[in-house]
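Asks: curious how this folds, go ahead:
(one chain, ligands or ions: 2)
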Amino acid sequence: METRIAEVADGIYQTTTHVEEANFSFNQYLITGEQPMLFHTGGRAFFPLVSEQVATVMPVDSLRWVTFGHVESDESGSMNQWLAAAPQAQVVHGALGCEVSINDYADRTPRPLSEGEVLDIGGRRMRWISTPHVPHGWEAGVFFDETTRTLFCGDLLTHVGDGPPLTDDDILGPALEAERMFRAMTLAPGTAAILRGLAELKPQTLAVMHGSSLRGDGAAALEGLASFCEREAAALS
Ligand SMILES: [Fe+2]
Ligand SMILES: [Fe+2]
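Replies: Ligands and ions are numbered 1, 2, ... in the order given. The predicted model follows:
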């Protein structure tokens, strides 16, 4: 496996590892600032590959924040390897995620954030937004970089293939195709409303975890996903 790196928004670097056998990619995001942040750690086996690419942008031991949307191996599996590599680094997550899992999983005490709290990482304001059970996981949430209007939306709009780091093409169609295949999203009564709340942020870039990130009308893609979830939930009831 090989990991590549690309700048997808101002000072935001995407590392991508494409797993050929699965035709599936895993992205992490290095968000630069006075206090650099990593969104998604990758699984434990990914650590050497991802950290090698991060080191092409900045020394790995200068990382200050390690974060992810929810607790799952691809999102958070290597958190303790990052904490070991960067002595000043701390996991930051919503308070619920800290209480339920991360206080125990992380080798150092995490920093909990309340709903809507902004973490200023120096030249960049990162807002924590809880999205319980969306796409999955009680503790789920996203970060919104208010400075570049980039939404770190994790598994939302997952699609397969080995596309470019960033696209202005439609990713909703491929994402709905992938969702019909994987059924990774929780179709709870509040799912569509949570997605529409994210659409209201009018993100300029959607930093996607699996597939190409989107530069363009992020709100339309999130609205489309919300409508799909509504239709699917109705069909199941
Ligand atoms: Fe996930
Ligand atoms: Fe994921």
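Asks: please identify which helix or strand holds Met185.
Replies: Counting by DSSP states H and E, there is no helix or strand that carries Met185.
Asks: ok, now which ones touch it?
Replies: 134-136, 179, 191, 229 (C-beta atoms under 8 Å, 6 or more residues apart in numbering). Bear in mind the C-beta positions are built from the backbone N, C-alpha and C, glycine included.
Asks: which one of these sits closest to Ile12?
Replies: Proximity of the contacts of Met185 to Ile12 (C-beta to C-beta) peaks at Pro135, which lies at 21.1 Å.
Asks: helix/strand/coil for that closest one?
Replies: Following DSSP: H, G, I helix; E, B strand; the rest coil, we place Pro135 in the coil state.
Asks: for the residue most central in space within the chain, list each beta-bridge partner.
Replies: With distances taken as C-alpha atoms, centre = their mean, Gly154 lies nearest the centre of the chain, 2.9 Å away. With DSSP bridges as the criterion, Gly154 is bridged to Val208.
Asks: can you tell me the closest non-neighbouring residue to Leu63?
Replies: Of all residues not flanking Leu63 in the chain, Ala86 sits nearest, at 3.9 Å (C-beta to C-beta, 6 or more residues apart in numbering).
Asks: any idea how many residues pack against that neighbour?
Replies: Applying other C-beta atoms under 10 Å, we find 21 residues neighbouring Ala86.
Asks: what about the strands in the protein?
Replies: 3-9, 12-19, 24-31, 37-39, 65-67, 90-94, 111-113, 118-120, 125-130, 141-145, 150-154, 166-167, 205-208, 213-215 (DSSP state E).
Asks: export the helix ranked longest in the chain as PDB, just CAs?
Replies: Secondary structure assigned by DSSP state H gives helix 218-236 as the longest helix of the chain. Output of helix 218-236 as PDB, limited to C-alpha atoms (Å, rounded to 0.1, in the frame of the first residue of the first chain):
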ATOM      1  CA  GLY A 218     -21.500  21.100  -0.100                       C
ATOM      2  CA  ALA A 219     -25.000  22.000   1.100                       C
ATOM      3  CA  ALA A 220     -26.600  20.400  -2.000                       C
ATOM      4  CA  ALA A 221     -24.700  17.200  -1.500                       C
ATOM      5  CA  LEU A 222     -25.700  17.100   2.200                       C
ATOM      6  CA  GLU A 223     -29.400  17.900   1.300                       C
ATOM      7  CA  GLY A 224     -29.400  15.100  -1.200                       C
ATOM      8  CA  LEU A 225     -28.100  12.700   1.400                       C
ATOM      9  CA  ALA A 226     -30.700  13.900   3.900                       C
ATOM     10  CA  SER A 227     -33.500  13.300   1.300                       C
ATOM     11  CA  PHE A 228     -32.100   9.800   0.500                       C
ATOM     12  CA  CYS A 229     -32.100   8.900   4.200                       C
ATOM     13  CA  GLU A 230     -35.700  10.100   4.600                       C
ATOM     14  CA  ARG A 231     -36.800   7.900   1.700                       C
ATOM     15  CA  GLU A 232     -34.900   4.900   2.900                       C
ATOM     16  CA  ALA A 233     -36.300   5.200   6.400                       C
ATOM     17  CA  ALA A 234     -39.800   5.600   5.100                       C
ATOM     18  CA  ALA A 235     -39.400   2.500   2.900                       C
ATOM     19  CA  LEU A 236     -38.300   0.500   6.000                       C
END
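Asks: give the buried residues for it.
Replies: In terms of neighbour count (16 or more other C-beta atoms under 10 Å), helix 218-236 has its buried residues at 218-219, 221-226, 228-230, 232-233.
Asks: going by distance to ligand 2, which of those wins?
Replies: Leu225 (15.2 Å; C-beta to the ion).
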